[in-house]
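Engineer: Okay, sequence plus prediction incoming.
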Amino acid sequence: MGFIKEFKEFALKGNVVDLAVGVIIGSAFNSIVSSLIEDVITPLLLKPALDAAHLTKLQDLSAFGGVKYGVFISAVINFIIVAFVMFSIIKGMNAIKRKQDEAEAAAAPPPPPAEPSSTDKLLMEIRDALKK
């Protein structure tokens, strides 16, 4: 029973569950980005070039009879879009977090004034004695 209990604790740790959710969302996000590239960007931006090459998909571009450089170009465009979207999401999340941190800092009471050190107290006593 110890092995099963240990495995259950491992499998249900927060990091493992978070990783699984991230992988699933990443997979769904991949299909969205692929559709964006194949169904929106390629037809809009690359239509004239593809028509001149008598192709319908960017992935069909090839040279020397077998080198499919269109697949590489498609992967590069896919990467750029994913990187830009992730950058935008992270930038937005950081802006929201920064605003929350600023609001918390503004709402927090100011720290109490620091009590003078023993040296400062001694100097104040000497000052007061010299005034008398």
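Structural biologist: Yes, it's here. Numbering: from 1, shown residues only.

Engineer: Go ahead and flag the most central residue of the chain.
Structural biologist: Compute the mean C-alpha point of the chain, and by C-alpha atoms, centre = their mean the closest residue is Ile90, 3.9 Å away.

Engineer: any weak-confidence spans in the chain?
Structural biologist: 1, 14, 42, 58-60 (pLDDT under 70).

Engineer: Can you show me the strands along it?
Structural biologist: Along the chain, no segments are classed as strands by DSSP state E.

Engineer: mind checking the longest helix of it?
Structural biologist: Among the segments of the chain that qualify as a helix by DSSP state H, the longest is helix 69-107.

Engineer: Run a quick neighbour tally on the residue nearest to Thr56 when sequence neighbours are not counted.
Structural biologist: Counting by C-beta to C-beta, 6 or more residues apart in numbering, Thr56 lies nearest to Leu50, which is 6.7 Å off, once chain neighbours are set aside. Where C-beta positions appear, they are placed from N, C-alpha and C, glycine not excepted. Neighbour count of Leu50, defined by other C-beta atoms under 10 Å: 18.

Engineer: sorry, back to before: could you name the helices and strands sitting against the longest helix of the chain?
Structural biologist: helix 14-35 (3 or more C-beta pairs under 8 Å, 6 or more residues apart in numbering; DSSP states H and E).

Engineer: switch the cut-off to 10 Å
Structural biologist: helix 14-35, helix 42-45 (3 or more C-beta pairs under 10 Å, 6 or more residues apart in numbering; DSSP states H and E).
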